[in-house]
Structures are given as C-alpha cells and as structure tokens.
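# return atomic coordinates for the entry below.
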Amino acid sequence: MSNATQLLRFITAGSVDDGKSTLIGRLLHDSKSIFEDQLSAISKTSEKRGMAAVDLSLLTDGLQAEREQGITIDVAYRYFATPKRKFIIGDTPGHEQYTRNMVTAASTANLVVILIDARKGVLTQTRRHTFIASLVGVPHIVLAVNKMDMVDYSEDTFNAIVAEYRAFAAQLGIHDVTCIPMSALNGDMVVEHGDNLSWYKGAPLLEFLENVVIDYDVNTADFRYPVQWVCRPQTQEYHDFRGYMGRIESGEIAVGDEITVLPSGRTSKVKEIVTYDGNLQRAYAPQSITLTLDDEIDISRGDMFVKTSANPPKVEKEFEAMLCWLSEAPLDLNRKYIIKHTTRMVKSLFSHLEYRVDVNTLAHHETNKLNMNDIARVAMKVQQPLALDHYSKNRFTGSFIVIDEATNNTVAAGMIA
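So this is what the prediction gives:
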C-alpha cells in the first residue's frame with residue numbers, strides 16, 4: 001500500500017443497541033483486519049457468555065466498564081486498511097449524557113454512519129445525532145438501516161424509514177445522505193452483498209467507504225497558515241535565517257505569492273517554502289512547512305498568514321458561536337476563560353447566552369447557565385483579535401476550544417456562527 005493512500009475518518013452513531021459496535025466488528029472481521037489472537041480472545045469471551053456465535057461487538061467495547069454494562073461509554077477508535085484506502089473508525093456512545101463524546105469525535109470526521117434499528121425506525125436519538133453531525137459540519141452521512149433480518153428484509157420498511165429520515169435531514173440542510181439496508185449480525189451489505197437484500201442495487205458499506213470522494217472536504221480555495229513557531233537557528237551557518245513554521249490548514253501557497261499577516265495587516269511575499277526534504281515551489285493543505293518572507297516583519301506564534309485580497313477572514317474581538325459544554329463544572333459567566341483558536345491563546349469572557357438547543361427536539365430555550373453536554377449559542381469577547389472564518393466554510397479556522405485557566409482543563413468546544 002502506498003504511503004499516499006487516502007485516509008478516511010468516520011464515526012458510527014445511533015441509539016443504544018442499534019448495533020454500532022457489531023457493525024465495526026463485522027467490518028474488521030470480514031475485511032480480514034483482525035489478528036488471530038484477537039478473534040480467539042473474543043471467541044472465548046462469547047463462549048463464556050453462552051453465545052452461539054462470536055460477539056463481534058467485543059472488538060470495540062474494550063473498556064472493562066463497557067463490557068460490564070454492555071454499552072459503549074467512550075469513543076473507541078480502531079484502525080484498518082484495504083488496498084484502496086486507510087480508515088480510522090470512532091465508535092461513539094449512544095446515550096444522551098455522552099453528547100460531548102460524539103461532538104469531539106465528529107469534529108474531525110469525514111463521514112458519519114448513523115445506525116437505525118429497522119424494527120424501531122427513526123428515533124429521538126437518531127435526530128439528535130444527525131443534528132450534532134450537521135452542527136460540526138460532517139460532510140457525508142450514511143444512514144445504515146440495521147437489523148433488516150429482524151423485519152424479514154422488507155423493502156417497504158426500509159423505504160419508509162428512508163423517507164422519514166430524509167425529510168428530517170432536509171430541515172437541517174443535509175442533502176448528502178446515502179441509505180443502505182444491512183444486517184451487521186449476518187454480514188449482509190456490510191462487506192459483501194449477501195443473499196437477502198437482492199432488491200437493493202447500491203454498494204455495500206465498505207465499498208461505499210472505499211470510494212466516497214473526500215478530496216473536497218478541505219477548503220482548497222482560502223489559504224490559512226497559523227504560525228506555530230518562529231524559527232531562528234542559533235548556528236553560524238543559519239544565523240540570518242528567520243522562518244515561520246506551521247501547518248497549512250486550508251488552501252495552497254507558492255513562492256512569490258503575496259501574503260498578509262493577521263491581525264497586524266502587514267504584507268510581504270513568500271521567499272521560500274522549506275521542508276525537511278528540501279525546498280518546494282508550491283505547498284498545499286495539510287502540509288507542515290516553514291515559510292520565509294522577503295521582508296522582516298514582527299511576527300509571532302498565533303499570527304496567521306493569508307493570501308492578500310483573497311477572501312480574508314474577519315479579524316474580530318467579539319463574535320458569536322455554537323458551543324458544546326464538555327466540563328462537569330457548569331459555565332460561570334462571571335469568570336474569564338482561555339480561548340485556543342488555531343495556534344493563538346487569548347483570555348475571553350462570555351458576554352451572554354442567547355439560547356440552549358434541546359438536542360432531542362431542536363427547540364431553542366432561554367438559559368443563563370450551561371451544564372455538561374449542553375449545546376448553546378453564545379456571544380464572546382476576547383482580549384486580542386482573532387482571524388475567524390465561519391465554521392461552515394472552514395472547520396479549522398472556524399473552531400476553537402475553551403480552557404479553564406485555573407485547571408488547564410478543556411471545558412468546551414466552539415464553532416464560529
């Protein structure tokens with residue numbers, strides 16, 4: 001497999017006992033991505049529990065607490081690969097009290113697989129997980145109608161569920177939805193077509209995951225380059241070298257391009273693009289590089305390079321955002337927090353809370369407090385200006401985390417609205 005083989009990050013979501021962990025286990029098992037000792041271990045555990053077949057969900061339910069409760073309480077990550085693509089899977093919790101786990105997992109995902117039990121149809125949790133996926137901007141959604149074996153593989157049942165789900169997704173502005181009937185337990189439409197769903201003409205889940213186009217999931221138009229480190233080697237050979245190190249979060253840059261440094265607004269031109277393997281004429285997201293400029297400008301960590309006159313971000317000290325509160329300690333409107341946006345950290349205050357979203361009904365409620373797992377629209381003020389993009393246009397420069405300056409704990413994740 002080439003080192004350039006594309007990586008797809010996806011998560012599974014759904015109600016408790018919809019079969020998320022079993023689906024991932026089936027993917028790993030049928031794609032020959034588990035070791036013999038792993039299969040032997042879960043076979044023995046399944047036998048001890050009196051199961052007639054191997055419980056493939058044990059491949060992801062690795063925490064002892066999960067095994068005791070029979071539910072997934074944290075995000076369990078697994079890696080596997082096929083000749084066409086590499087994959088990182090996140091198995092997210094189904095319970096409402098673990099909303100924060102799904103938010104953090106979905107924030108870096110290219111795709112989410114939302115499972116539905118064919119016997120139960122679209123549930124409150126289905127709507128909640130779809131809302132979270134739309135909130136964090138997951139580009140692709142697969143609706144996996146699981147347990148079709150429990151409804152005699154009925155095409156009418158599948159079509160009714162799909163119609164109801166598409167109507168709800170349209171309310172959230174979601175149109176890229178692929179619907180697949182399956183039986184994770186028996187393996188139908190997971191890796192192979194199987195013999196029971198001949199009426200479905202689409203691809204099995206794995207084939208779809210291998211071929212879904214993710215090249216355009218990253219913003220390729222707007223150059224965003226947060227400075228992570230100013231490189232000044234203390235050697236005789238490079239004593240005049242001044243490079244600005246970081247990762248291209250979106251867009252591309254070439255030698256000779258004119259750039260603007262934010263928030264100062266100073267301009268210059270790219271002199272060199274330096275990498276470990278030698279200099280480049282052009283670089284693209286998400287490459288890590290070092291840039292040198294034609295002019296000496298006062299630049300420090302947290303500053304951002306953008307192309308001059310090319311859809312620059314807004315530089316603001318006040319903004320609104322959608323916020324998911326992650327901490328067990330509630331939000332305190334009377335104290336300062338630290339915002340980490342790209343590579344810049346600034347002190348901030350919450351001006352006010354506009355509303356809290358009921359993740360089950362999508363209703364908006366007035367509130368003056370936020371507890372763990374709450375999602376709300378908030379107004380914020382920061383001590384120093386930030387270069388901000390709307391989250392829907394750029395997931396990297398449109399997101400931030402909130403840190404408790406007393407404990408250094410991450411207490412919230414935000415998306416610029």
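# elements contacting the helix or strand where Arg100 lies?
Element membership for Arg100, per DSSP states H and E: helix 99-106. Secondary-structure packing of helix 99-106 (3 or more CB pairs under 8 Å, 6 or more residues apart in numbering; DSSP states H and E): strand 7-14, helix 124-135, strand 314-325. Yep, even glycine has a C-beta here, placed from its N, CA and C like the rest.
# what angle separates it from strand 7-14?
On the basis of axes from the mean of the first three to the mean of the last three CA atoms, to 10 degrees, helix 99-106 is oriented at 160 degrees to strand 7-14.
# helix 99-106 to strand 314-325, inter-axis angle?
Going by the same axes, to 10 degrees, helix 99-106 makes 130 degrees with strand 314-325.
# can I get the helices and strands packed on helix 99-106 in CSV including distance to Arg232?
What follows is the helices and strands packed on helix 99-106, written out as CSV (distance: least, CB to CB, whole Å):
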stretch, distance to Arg232
strand 7-14, 34
helix 124-135, 41
strand 314-325, 26
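# quick one, which of these is nearest to Met182?
strand 7-14 (12.2 Å; CB to CB).
# grab the CA positions of the helix or strand just after the closest one and hand them over as PDB.
Going down the chain from strand 7-14, the next helix or strand is helix 20-30, by DSSP H and E. The C-alpha trace of helix 20-30 is given here as PDB (Å, rounded to 0.1, in the frame of the first residue of the first chain):
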ATOM      1  CA  LYS A  20     -22.800   0.100  16.200                       C
ATOM      2  CA  SER A  21     -20.100  -2.000  17.800                       C
ATOM      3  CA  THR A  22     -21.200  -5.100  16.000                       C
ATOM      4  CA  LEU A  23     -21.100  -3.200  12.700                       C
ATOM      5  CA  ILE A  24     -17.500  -2.200  13.300                       C
ATOM      6  CA  GLY A  25     -16.600  -5.700  14.400                       C
ATOM      7  CA  ARG A  26     -18.200  -7.100  11.200                       C
ATOM      8  CA  LEU A  27     -16.200  -4.600   9.100                       C
ATOM      9  CA  LEU A  28     -12.900  -5.600  10.800                       C
ATOM     10  CA  HIS A  29     -13.700  -9.300  10.700                       C
ATOM     11  CA  ASP A  30     -14.900  -9.500   7.100                       C
END
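# helices or strands up against helix 20-30?
strand 7-14, strand 76-81, strand 86-91, strand 111-117, helix 205-211.
# winner for burial among these?
strand 111-117 (a mean of 25; mean count of other CB atoms under 10 Å).
# note down every partner strand of it and its orientation.
strand 7-14 (parallel), strand 140-146 (parallel) (DSSP bridges).
# what lies in contact with the longest helix seen in the chain?
Criterion DSSP state H: the longest helix present in the chain is helix 155-171. Contacts with helix 155-171, where a contact means CB atoms under 8 Å, 6 or more residues apart in numbering, come from 116, 118, 121-122, 126-127, 130, 141, 143, 145, 148, 151, 175, 177, 179, 181, 199-200.
# from those, keep the buried residues only.
116, 118, 122, 126-127, 130, 141, 143, 145, 148, 151, 177, 179, 181, 200 (16 or more other CB atoms under 10 Å).
# any low-confidence regions in this protein?
1-4, 33-39, 41-43, 45-47, 50-76, 94-98, 216, 236-239 (pLDDT under 70).
# domain map for it?
7-211, 225-307, 314-416 (automatic domain parsing).
# can I get these in JSON lines with distance to Asp217?
Listed next are the domains of the chain as JSON lines, based on distance: least, CB to CB, whole Å:
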{"stretch": "domain 7-211", "distance to Asp217": "5"}
{"stretch": "domain 225-307", "distance to Asp217": "11"}
{"stretch": "domain 314-416", "distance to Asp217": "9"}
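# okay, Val270 and Asp358: tell me how far apart.
Separation of Val270 from Asp358 (CB to CB, to the nearest Å): 48 Å.
# comparing those two, which residue is more hemmed in?
Neighbours were counted for Val270 and for Asp358 using other CB atoms under 10 Å; Val270 has more, 21 against 14.
# helix, strand, or coil at that one?
Classification of Val270 by DSSP: H, G, I helix; E, B strand; the rest coil places it in strand.
# show me what contacts it?
Contacts for Val270 (CB under 8 Å, 6+ apart) come out as 253-257, 259, 291-294.
# out of the residues you listed, who's the most crowded?
Leu291 (25 neighbours).
# just give the nearest non-adjacent residue to that one, would you?
Excluding the flanking residues, the one nearest Leu291 by CB to CB, 6 or more residues apart in numbering is Tyr244, at 4.9 Å.
# thought Pro233 was touching Phe241?
Yes. Contact criterion CB atoms under 8 Å: Pro233 and Phe241 qualify, at 5.6 Å.
# common neighbours of these two, please.
Jointly contacting Pro233 and Phe241 under the rule CB under 8 Å, 6+ apart is no residue at all.
# tell me the contacts of Lys201?
Contacts of Lys201 (CB under 8 Å, 6+ apart): none.
# just say helix, strand or coil for it.
coil.
# can you pull out the strands in the stretch 251-400 of the chain?
Under the criterion DSSP state E, counting those that start in this stretch, strands of the stretch 251-400 of the chain are mapped to 252-254, 258-262, 266-275, 278-280, 282-284, 288-293, 304-307, 314-325, 337-341, 344-357, 364-365, 375-388, 399-403.
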